[in-house]
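Peer 1: Quick one, what's the 3D model for this:
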Amino acid sequence: MLRSARSGRKTLTDVAQQELRQAITRGTYRPGSQLPTEAELCEMLGVSRTVVREALRVLEDDGLVTRRHGVGTFVRNHPILKNLNFNFGITEMIESAGLTPGTSHLAIQTIASDQEKSEQLRLPMGTPLISVERVRTANGRPVVYSLDTFRESLLQRAEFDPQLLLTQSIYNILQSSLGHVIEYGIARLLPVTAPDHVTEKLNLPLNALTLYIVQTDYSSADEPLVYSCEYHLPDAFDFVVWRRGPTRMRGLRADGSQ
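Peer 2: Numbers count the residues shown, from 1 in each chain. Have a look, this model is predicted:
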């Protein structure tokens, strides 16, 4: 069942596409099935047809659905649920793989910003930061070690419950509890040998390779809000990039001739 999109701080299009995305990833609409008509989605989500069309466009760009002119919108038979073009938290990533997310380790502490974090967050050296260390699980198996840092001042005048970090992503907490929306993130992906403390927490053998993702997330005003370092088990997830085209080159017919 889809909830009304007319709530919260996000735009109607953001909420509408997220509701549809979750309905697809949780199996409400199965691969190959047809989504309700635009008119039906407007009524279910409580939004205009313009919002519904824009939400469907986003899902199509992410490779989740395909629209057939004059027929309708269908869930792709092989939906790309871990599209690297879409910035979402580890919780959502695990859910989109059809697994149950969890947290086997959580540690929160205040630290002073070092050179690396100061450069990424554009802060003076020594600025107080909140460091969130977590081990995320999928169906009980440790699959991701993450270290998220953000400036301590983000917590001022906010009622923040640290226990939310056991079940929610940083992105959700920043928006719902602290009023900060992540607009985009810039990430680097590298194969690295896991450090000893990561090896221990992920139950890996010594010198095991992991997929290392280091990312800085920004607000709509291009202000860096979160700096994250994540170690992913390489066999736990299948990261995919949705690549369009190539479009037909000018001057060439469909068969490639001039």
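Peer 1: Next up, phi/psi of residue 93, please.
Peer 2: Summarising the backbone geometry of residue 93 under the convention degrees, to the nearest 10, its torsions are phi -60, psi -40.
Peer 1: Worst mean pLDDT across the helices and strands of the chain, which element?
Peer 2: helix 90-96 (a mean of 73; mean pLDDT, DSSP states H and E).
Peer 1: now that helix, how far from the centre of its chain.
Peer 2: Its chain's C-alpha centre lies 8 Å from the corresponding centre of helix 90-96 when counted by C-alpha atoms, centre = their mean, to the nearest Å.
Peer 1: Give me the helices and strands touching it, please.
Peer 2: With contacts defined as 3 or more C-beta pairs under 8 Å, 6 or more residues apart in numbering; DSSP states H and E, the secondary structure elements packing on helix 90-96 are strand 101-112, strand 128-138, strand 141-151. All C-beta spots, glycine's among them, are computed from the backbone N, C-alpha and C.
Peer 1: run the last query once more with 7 Å
Peer 2: With contacts taken as 3 or more C-beta pairs under 7 Å, 6 or more residues apart in numbering; DSSP states H and E, helix 90-96 sits against strand 101-112, strand 128-138.
Peer 1: Partner strands of the shortest one, with direction?
Peer 2: This points to strand 128-138. Strand 128-138 has these partner strands in its sheet, going by DSSP bridges: strand 101-112 (antiparallel), strand 141-151 (antiparallel).
Peer 1: Mind listing residues that contact the shortest one?
Peer 2: Spelled out, it's strand 141-151. Applying C-beta atoms under 7 Å, 6 or more residues apart in numbering, the contact partners of strand 141-151 are 90, 104, 117, 121, 123, 127, 129-137, 170, 198, 201-203, 225-233, 236.
Peer 1: so how far is residue 148 from residue 112?
Peer 2: For residue 112, the distance to residue 148 (C-beta to C-beta, to the nearest Å) stands at 16 Å.
Peer 1: same check, this time on residue 184
Peer 2: Plainly put, residue 184 is 16 Å away from residue 148 if you go by C-beta to C-beta.
Peer 1: any weak-confidence spans in the stretch 151-258 of the chain?
Peer 2: Counting by pLDDT under 70, the stretch 151-258 of the chain contains low-confidence residues at 157-159, 237-258.
Peer 1: Where do the strands of it begin and end?
Peer 2: Remark: strands assigned in the stretch 151-258 of the chain by DSSP state E, counting those that start in this stretch are 184-193, 209-218, 224-232.
Peer 1: highest average neighbour count across those strands?
Peer 2: Mean neighbour counts were taken over those using mean count of other C-beta atoms under 10 Å, and the top value, a mean of 21, falls to strand 224-232.
Peer 1: For that strand, name the packing helices and strands.
Peer 2: Packed against strand 224-232 by the contact rule (3+ C-beta pairs under 7 Å, 6+ apart) you find helix 115-121, strand 141-151, strand 209-218.
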